[in-house]
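Colleague: structure for the following, please:
(2 chains)
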Amino acid sequence: MSAVATVFRKDVLENIRDHRVILSAFFFGVLLAPIIFALTANITSKRVAQTQEEPLEISVSGADRAPNLLAFFEENGAIAKRVELSADEAMRAVRSGAEELVLIVPEDYPSRLRAGEPAPIELVVDTANTHTSGNAERARRLLEGYSRQLAALRLLVRGIDPDVIRPIAVQTLDVATPAGRAALFLGMLTYFCFMSMLVGGFYLAIDTTAGERERGSLEPLLSLPVSRASLIVGKMLATSSFMAVSLLLTLVTFGIVLRFIPLERFGMSANFGWEVVAGIFAVMVAFVPLGAALMTVVASFTRSNREAQSWLSVVLFVPLAPILYAQLSGTKASAALMFVPSLSQHLLGTNLLRGDSIPPLHFVISAGTTLALGVLLALLAVRLYEREAILG
Amino acid sequence: MIVVENVSRSFGPVRAVDDISFVANDGRITGLLGHNGAGKSTTLRILSTVLRADSGRALVDGHDCARDSLAVRRSLGVLPHASGLYATLTGRENIRYYGRLHGMRGAPLESAIEELVERLGLGAVVDRRAKGYSQGERLKVALARALIHRPRTVILDEPTNGLDVNAVRMLRELLRELRASGRCILFSSHVMQEVAALCDHIVIISGGRVVVSGTPGEILEHTGATDLEEAFVRAADAERAE
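Modeller: Residues are numbered from 1 along each chain as shown, chains lettered A, B, ... in the order given. Take a look at the predicted model:
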């Protein structure tokens, strides 16, 4: 046991002194992830704020032919910009981005309107442009509103209650809590947590086998009166501690950074107090032994540092696969899914972010199976370390 | 004391060590001499229990290398081919790490380190990180690390490779001192002069087999050569020709 502690202490000390290791281990989690996150959040929130708060601006060609429509726009806070464009010119302008939206009032609009026939009006939009699609939707809604108003007036003139053309009154009740909507966005956070955890232990896992071998320190180490099991266990513990610290630093940085992101501006409230940070850490940290053992096992098959690095880069994405699947398919937490490592941590973490409590049974299954799998993989790592081939 | 009896070891189709037997006694410096690839390193690795023999028996201070490897490693000090120091640790931390893994602690460990630092003249560099060490300084720290637990038997794998004259002289002097204190020393080399200058007993191996062994005088007599260099070349080539 004391040999395990000795190996652990030495490996931690050795790697703390290696600037390269510290930089790559903690740079991603502590700086890069929150910065990427903050930037994405800021851009998204700006766009949402812009489309909701700024007045809608529509370029109208042939505005003189529809004075009432323009008046309706102005009543509803939209700004009509008068332009003179042919249909072709308008399409080119929208496609190139010179104009966001162009409304074309054709020459026969006034006459057909007067005749009570459907009066044509053309709205030129680019639905591929995500930046303007919100505004296009707002313009369409405005036009529909104007259309309904005209219809109601016509019915009134004929002595009919306008409600006859409104057989259904749809009212949408959005049950998504603000925090729930933000969770979709914050789901990215668990992804970053896994990444920073694995990157945090990356170099230590390589160091245990490929690194020691390449520096020529493995053979004398194996000639010491210490079982190989204690050596590898001490090394895996050192890797685990780096991973846990990296995870903690990432969560704390997120806790600080999220305070400065105006998540409320787009109708979301981030539920990220210190108790949530602690909760997510408790849920996620169960993955640490599994990650450490997995990386150590993979590294033990490689012949050199360089080879270990390229293989481990692939391993970094293994735990992320179930998370990506869950994000895309919108999977909800269930007891059965708690048996899947990384996915269970992701689901529980997202639950905490959403402000929901997690069933104790879910937590127990998740932590239990993940830790058990971690121990199994660690035993495999011990077995591999006991082979002669470990010397390369 | 080291006893090797009919030890063989193959790697796939290659017989790296083929029925080797020899004895290295206490209070003596034994040289394992052979060309590169003759089987020296494999033999030493079997003795340090890093590798297992396919057949035969190897004993260190009476402990069987295969069955009682922990006891073997306890009584053995190993200086490997590469120094294998941890670059970001200081020399003292490197030595202390090995001492701890040998189960030493506290004051006895620190005084053992201090004793070796003094003996090897490491005072000026031992608290600097190993990254900036010269060849000679690396060797001295690696030696201190191998000797920290006062092993009765010391194995050195090509220790003089790439060393300057001063470092080689320091090493020879230290090995003679260890011999005087009754230790068993086994070291491998492919340089005849090296072995001739130091060894009481020489084992020449070629192609995984012992070609000839004995004191320098016995070897000269056996091969009919006038000097050891000649004897080495003759013995090794005779084996190759077979």
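Colleague: mind telling me what element whichever residue of chain B sits closest to chain A is part of?
Modeller: The shortest separation between chain B and chain A is 2.9 Å, found at B:Ala82 (distances taken as Cβ to the nearest Cβ). Heads up, the C-betas are built off the backbone N, CA and C, glycines and all. With secondary structure defined by DSSP states H and E, B:Ala82 is part of neither a helix nor a strand.
Colleague: for B:Ala142, see how far away the residue of the stretch 201-350 of chain A found nearest chain B is.
Modeller: Here the residue of the stretch 201-350 of chain A nearest chain B is A:Gly216; by Cβ to the nearest Cβ that distance is 2.9 Å. Spatial separation of A:Gly216 from B:Ala142 under the definition Cβ to Cβ, to the nearest Å is 10 Å.
Colleague: overlap in contacts, those two.
Modeller: Residues touching both A:Gly216 and B:Ala142 comprise B:80, B:83-84, with contact defined as Cβ atoms under 8 Å, 6 or more residues apart in numbering or on different chains.
Colleague: so what's the residue of the stretch 201-350 of chain A closest to chain B closest to, chain neighbours aside?
Modeller: Here the nearest residue to A:Gly216 in space, its sequence neighbours aside, is B:Ala82; by Cβ to Cβ, 6 or more residues apart in numbering or on different chains that works out to 2.9 Å.
Colleague: isn't the residue of chain B closest to chain A right up against A:Leu218?
Modeller: No. Here B:Ala82 lies out of contact with A:Leu218, judged by Cβ atoms under 8 Å, at a distance of 9.9 Å.
Colleague: ok, those two, which is more surrounded?
Modeller: Per other Cβ atoms under 10 Å in any protein chain shown, whichever of B:Ala82 and A:Leu218 has more neighbours is A:Leu218, with 24 against 17.
Colleague: isn't the more buried one right up against A:Glu388?
Modeller: No. A:Leu218 is not in contact with A:Glu388 according to Cβ under 8 Å; the separation is 11.9 Å.
Colleague: neighbour count: A:Gly216 and B:Ala142, which is higher?
Modeller: Taking neighbours as other Cβ under 10 Å, A:Gly216 and B:Ala142 compare with B:Ala142 leading, 27 against 15.
Colleague: burial count for the residue nearest to B:Asp61 when sequence neighbours are not counted?
Modeller: Across the structure, with Cβ to Cβ, 6+ apart as the measure, the residue nearest B:Asp61 apart from its sequence neighbours is B:Ser75 (4.6 Å). Look at B:Ser75: counted by other Cβ under 10 Å, it has 18 neighbours.
Colleague: A helix includes A:Phe8, no?
Modeller: Yes. Secondary structure assignment (DSSP: H, G, I helix; E, B strand; the rest coil) places A:Phe8 inside a helix.
Colleague: what's the separation between it and chain B?
Modeller: Taking Cβ to the nearest Cβ, to the nearest Å as the measure, A:Phe8 and chain B are separated by 11 Å.
Colleague: state the pLDDT value of that residue.
Modeller: Among the per-residue scores, A:Phe8 shows a pLDDT of 95.
Colleague: check contacts around it.
Modeller: With contacts taken as Cβ under 8 Å, 6+ apart, A:Phe8 has the following neighbours: A:234-235, A:237-238, A:241.
Colleague: any of these buried? List them.
Modeller: Burial by neighbour count, 16 or more other Cβ atoms under 10 Å in any protein chain shown: within those this picks out A:234-235, A:237-238, A:241.
Colleague: show me the strands in the chain, by range?
Modeller: As the question left the chain open, I've gone with chain A. A:57-61, A:79-83, A:102-104, A:122-124 (DSSP state E).
Colleague: my question was about chain B
Modeller: B:2-11, B:14-24, B:28-33, B:55-60, B:63-64, B:76-79, B:153-157, B:184-189, B:201-206, B:209-214.
Colleague: those: which one's closest to A:Leu248?
Modeller: Judged by Cβ to Cβ, the one of the strands of chain B that comes nearest to A:Leu248 is strand B:76-79, at 39.7 Å.
Colleague: list the pairing partners of the closest one within its sheet, with orientation.
Modeller: Using DSSP bridges, strand B:76-79 pairs in its sheet with strand B:153-157 (parallel).
Colleague: contacts made by the strand it pairs with with the rest, please.
Modeller: For strand B:153-157, the surrounding residues in contact (Cβ under 8 Å, 6+ apart) are B:1-2, B:24, B:40-41, B:44, B:47-48, B:60-61, B:75-81, B:146-147, B:175, B:178, B:183-188.
Colleague: pLDDT on it, on average?
Modeller: When pLDDT is averaged along strand B:153-157, the result is 94.
Colleague: and the angle from it to strand B:55-60?
Modeller: Using axes from the mean of the first three to the mean of the last three Cα atoms, to 10 degrees, the inter-axis angle of strand B:153-157 relative to strand B:55-60 is 120 degrees.
Colleague: any weak-confidence spans in the chain?
Modeller: Reading this off chain A. Across chain A, the ranges flagged by pLDDT under 70 are A:1, A:28-29, A:44-53, A:130, A:173-187, A:262-271, A:392.
Colleague: um, chain B though
Modeller: Confidence mapping of chain B against pLDDT under 70 gives the ranges B:238-242.
Colleague: residues in contact with the residue nearest to A:Glu212 when sequence neighbours are not counted?
Modeller: Nearest in space to A:Glu212, with sequence neighbours left out and distances taken as Cβ to Cβ, 6+ apart, is A:Leu218 at 4.0 Å. For A:Leu218, the contacting residues are A:209, A:212, A:390-391, B:84, taking Cβ under 8 Å, 6+ apart as the criterion.
Colleague: isn't B:Leu109 up against B:Arg96?
Modeller: Yes. Taking contacts as Cβ under 8 Å, B:Leu109 lies within contact range of B:Arg96: 6.7 Å.
Colleague: of those two, who's got more company?
Modeller: Using other Cβ under 10 Å, the more surrounded residue of B:Leu109 and B:Arg96 is B:Arg96, with 21 against 18.
Colleague: tally of neighbours for A:Gly368?
Modeller: Taking other Cβ under 10 Å as the criterion, the count of residues near A:Gly368 is 13.
Colleague: who in chain A is up against chain B?
Modeller: Neighbours of chain B within chain A, by Cβ under 8 Å from any Cβ of the partner chain: A:2-3, A:6-7, A:10, A:13-15, A:17-18, A:215-227, A:388, A:391.
Colleague: do that again at 6 Å, thanks
Modeller: For chain A, the residues in contact with chain B (Cβ under 6 Å from any Cβ of the partner chain) are A:3, A:6, A:10, A:14, A:17-18, A:216-217, A:219-220, A:222-226, A:388.
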